[in-house]
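>>> sharing a model prediction with you, sequence too.
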Amino acid sequence: MTFIGKKEDLKVVGTRPIRPDGVDKVTGRAAFGADMTMPGMLWGKIKRSPHAHARIVSINTEKAMALPGVRAVVTAADFPEIASEEAFVGEGPMNFRDLSRNCMARGKALYDGHAVAAVAAISPAVADQALNLIEVEYEVLPYVIDVEEAMAPDAPLLHDDLYTQGVEPKPERPSNIAKRVTFAKGNAEAGFAEAEHIIERRYTTQPVHQAYIEPHACVVAAAADGQMQIWSSSQGQFMVRAYCAKLLGLDISSIRAIPAEIGGGFGGKTLVYLEPVALALSKQSGRPVKMVMSREEVFRGTGPTSGGVIEVKLGAKRDGTIVAAQLVLKYQAGAFPGSPVQPGCMCGFAMYDIPNVSITGYDVVSNRPKVAAYRAPGAPISSFGVESCLDELARELNIDPLALREKNAAHEGTKAVHGPTWTNIGYLETLVAAKDHPNYRIPLGPNQGRGIASGFWFNIGGESSAAVHINEDGSVSVVSGSPDIGGSRASMAMMAAETLGLPIDKVKPIVADTASIGFTHVTGGSRVTYATGMATVQAAERVIEQLKTRAGMIWDISPEAIEWKEGKAYPAGPNAGSFEPLSLAEIATKAARTGGPIGAEVSVNAQGAGPAFATHVCDVEVDPETGHVTILRYTAVQDCGRAIHPSYVEGQIQGGVTQGIGWALSEEYIYDKQGRMDNPGFLDYRCPVASDMPMLDAVIVEVPNPRHPFGVRGVGEVPIVPPMAAVANAIADAIGTRLRDLPMSPPRLLAAIDGEGPEPMRAAAE
Amino acid sequence: MPRVVISGSGARRFTGGLTELEVEANTVRRMILELDRRFPGLGHQIEEGMAVAIDGEIYQDAYQVALTPDSEVYLIPKIGGG
């Protein structure tokens, strides 16, 4: 069934009911990962490497084990040694050997904060004492942090067995370059020969953390019969179960993973860090074990997204038609291969119709934490370079930056650089909406500037399960396997209510554990409202068929003679007989007499997710004395297909923009001379806070995705793609000086202003 | 017969650098089997690391999707997200 094209008929979808988790969260009743306790529970703690790169010569745990109150100590020796095995699981390519060694260092510590041992004790204080008694002998090795330094032939090597993939013939020497990938369309060389104006620039971004408010936390219990339970906050309880089984050599069926409320993930909780270690401690001690990271541990021991170098070359006609483009990307992967350089390659030019393109990407390891997914992994980095360079091209050609984008915009039938021909996309609509927005016409004052940038993300579908159960009184439970990070409980309930014809207050959603619902892929990739929503709608439709059958039994007529509308069964026509409509509640009360409980569970592998495009307009004011940038106003336009709950969509857009502004202006890892992170806390790692932000205007464009019953596209990822370039372009507009390296923090801005002295500030020019 | 284009460099090592192929197949599963028969190892690479874009629509892990003789098929890196 499809509801596309009938927006005016929708009663629930498109409205803004109170969120189902709202009261719990504002009253403190919501149970997050750290809120769980169990009788007899121990506290687990991790000992971390103080060195950026060191061979582990020996680990002596005897003194720690002898400390009263200590019940277990584990090192890599307590985990199975896993062979290198690449698979695409979770949110990207994964090598389980690497994942295991990231959870617990084996042979070498590869970054400051890398776990080398863990203890479980009767209190956090005893556990801390025990950590100090673990004696680790290190042979400190040269280290490398910077991506281009790591690519140098004489750089310190992290892995002796890492040979660059994607190079023929296979290199004879190992390297920190894990992979080289290329994409091409047309003939870039010929395209540049045809160009009348060529621009070539280099940009850099820093690794930034997802900075979820809730640190990683779990409670696990390993029973004597081998059954294990895990309570943890993650982006996928099925992911936690599968990874723990793999890393500990267990059957998946021996683990039950129960999702806690999650305090933010943004991609960073699509991996495991604590859970396998806690299980090993629990197995050894025979007691439940709780582990909670400190903020410092989150920064030192868990994955940010990559930093990168972006080299962009554009060739255009004088009228602004881009005829050739080249992109070289160098992405930091952290200590193990797996940066999001491939999606970075595919997203950079995805918004544009360019006939000749050449793209090369490098995945590079260095002595930093292994990167994890972060909203639209890889895309914000390449887009910062491309969208900044496009702005520079527009200024050199004296063309309005928005008009330049319109001229080159991808549209229905455009062949993307990575191959597919675009269908049903809404990029041009976002440009038009941005241009038409009143914010785009507000006059700017001295030291103020306006920047525009666009972005793209694929969105995905994948495996999801959902169940709809009719309760005895006619109320409805909607059960899904998707942890609720972006409002999925609300959107599942709303889609079920709309399909069933019920008011939203009759439908209650929950997120189930791995034993209570079918397999469901992680909450990520902007997939849940699309894929789990599809499962929910299909489950509701099956329930409607059951309800018609039950009504047929009550009226003693054929179910084919019954239609379902507005939450009631009606005779389909005069030939069906004359009956008063039967409400869902009336049918539910007779469920036992008509065959028993009414409900359906559906599992899908959803395909054909609709891509997302966004265009952002940012206005800034630069303080020429301090270099501080104030965001005056921010307008984020996005094609979301159809907004199920517009407030959640706006919230996703505002959240992504805020994180992008932090990436642009202030967030960075600072390392000391030993390769240790110097700012592992929110005081020194500066994320934007509410007082930094103006009201962020989220503008929803709806170009429905025909593959979803309500026209849904993913929402949560693309909002973080344009902000860095939008801010950079606005700063360039304000001060006449281009910043090409992130973050554009006050010291950098002041240096740029001073360094470009002859180029006048807008205030002076006017 | 469907024309299959390998996008990106990830799978080209199996085809000796070939990027465009014609494959006699009417489903994704048959396309994978046929490609693996011609280029051993490519089938595994597609299943583990690639998505299939058919006439602009992206499919991941979907054996039974139909191909027509006019289908435009691109093998692209599998896509995740955050």
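Yes, it's here. Numbers count the residues shown, from 1 in each chain, chains lettered A, B, ... in the order given.

>>> how far away is the closest residue to A:Gly455 other than its chain neighbours from chain B?
Excluding its sequence neighbours, the residue lying closest to A:Gly455 (CB to CB, 6 or more residues apart in numbering or on different chains) is A:Val721, at 2.7 Å. Placement of C-beta: from N, CA and C, glycine included. The gap separating A:Val721 from chain B is 11 Å, by CB to the nearest CB, to the nearest Å.

>>> list the contacts for A:Val721?
By CB atoms under 8 Å, 6 or more residues apart in numbering or on different chains, the contact set of A:Val721 is A:347, A:376, A:379-380, A:383, A:455-457, A:614, A:660.

>>> who in chain B is up against chain A?
Residues of chain B lying near chain A by CB under 8 Å from any CB of the partner chain: B:5, B:7-10, B:13, B:48-49, B:53, B:55-62, B:65, B:72, B:74, B:76-82.

>>> packing partners for the helix or strand bottoming out on mean pLDDT in chain B?
In chain B, the helix or strand scored least confidently by mean pLDDT, DSSP states H and E is helix B:12-15, which has a mean of 87. Under the contact definition 3 or more CB pairs under 8 Å, 6 or more residues apart in numbering or on different chains; DSSP states H and E, helix B:12-15 sits against helix B:42-49.

>>> give the next helix or strand downstream of the helix it packs on.
Scanning forward in sequence from helix B:42-49 by DSSP states H and E, the next helix or strand is strand B:50-54.

>>> which elements pack onto the helix or strand just after that next one?
Using DSSP H and E, the helix or strand that follows strand B:50-54 towards the C-terminus is strand B:57-59. Packing partners of strand B:57-59 (3+ CB pairs under 8 Å, 6+ apart): strand B:50-54.

>>> any residues touching the strand it packs on, and which ones?
For strand B:50-54, the external contacting residues (CB under 8 Å, 6+ apart) are A:419-420, B:7, B:10-11, B:28, B:31, B:46, B:58-60, B:62, B:65, B:67, B:71-79.

>>> find the closest residue to chain B in the stretch 351-500 of chain A.
A:Gly419 (3.3 Å; CB to the nearest CB).

>>> distance of A:Trp457 relative to B:Ile6?
23 Å (CB to CB, to the nearest Å).

>>> for stretch A:600-608, what is the average pLDDT?
The pLDDT scores in stretch A:600-608 average 96.

>>> do that stretch and chain B meet?
Yes. Figure legend: stretch A:600-608 in contact with chain B (CB under 8 Å from any CB); contacting residues A:605, A:607-608.

>>> just the buried residues of stretch B:68-82, please?
B:71-82 (16 or more other CB atoms under 10 Å in any protein chain shown).

>>> quick check, nearest of those to A:Arg19?
Distance to A:Arg19 across these (CB to CB) is lowest for B:Gly82, with 21.7 Å.

>>> surely the closest one meets A:Val522?
No. Under the criterion of CB atoms under 8 Å, B:Gly82 makes no contact with A:Val522, lying 9.7 Å away.

>>> residues contacting the residue nearest to B:Leu42 when sequence neighbours are not counted?
Once its chain neighbours are removed from consideration, B:Leu42 has its nearest residue in B:Phe14; the separation is 3.9 Å (CB to CB, 6+ apart). With contact taken as CB under 8 Å, 6+ apart, B:Phe14 is in contact with B:39-42, B:45.

>>> for those residues, which two are the farthest from each other?
Counting by CB to CB, the most remote pair of these is B:Pro40 and B:Gln45, 10.4 Å apart.

>>> who's more crowded, those two?
B:Gln45 (19 against 10; other CB atoms under 10 Å in any protein chain shown).

>>> can I get the host helix or strand of A:Gly449 as PDB, trimmed to CA atoms?
Element membership for A:Gly449 (DSSP H and E) is strand A:448-457. C-alpha atoms of strand A:448-457 as PDB (Å, rounded to 0.1, in the frame of the first residue of the first chain):
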ATOM      1  CA  GLN A 448      29.500  39.900   8.200                       C
ATOM      2  CA  GLY A 449      29.400  37.300   5.400                       C
ATOM      3  CA  ARG A 450      27.100  34.700   3.800                       C
ATOM      4  CA  GLY A 451      28.200  31.300   2.700                       C
ATOM      5  CA  ILE A 452      26.300  28.600   0.900                       C
ATOM      6  CA  ALA A 453      27.200  24.900   0.600                       C
ATOM      7  CA  SER A 454      25.400  21.700  -0.400                       C
ATOM      8  CA  GLY A 455      25.700  18.100   0.500                       C
ATOM      9  CA  PHE A 456      24.700  14.500  -0.400                       C
ATOM     10  CA  TRP A 457      24.300  11.200   1.400                       C
END
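
>>> and the strands in the stretch 401-550 of chain A?
Counting by DSSP state E, counting those that start in this stretch, one finds strands in the stretch 401-550 of chain A at the ranges A:448-457, A:462-470, A:476-480, A:507-511.

>>> just put the ones you listed in JSON lines and tack on mean pLDDT.
Below are those laid out as JSON lines (pLDDT from 0 to 100):
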{"stretch": "strand A:448-457", "mean pLDDT": "98"}
{"stretch": "strand A:462-470", "mean pLDDT": "97"}
{"stretch": "strand A:476-480", "mean pLDDT": "98"}
{"stretch": "strand A:507-511", "mean pLDDT": "98"}
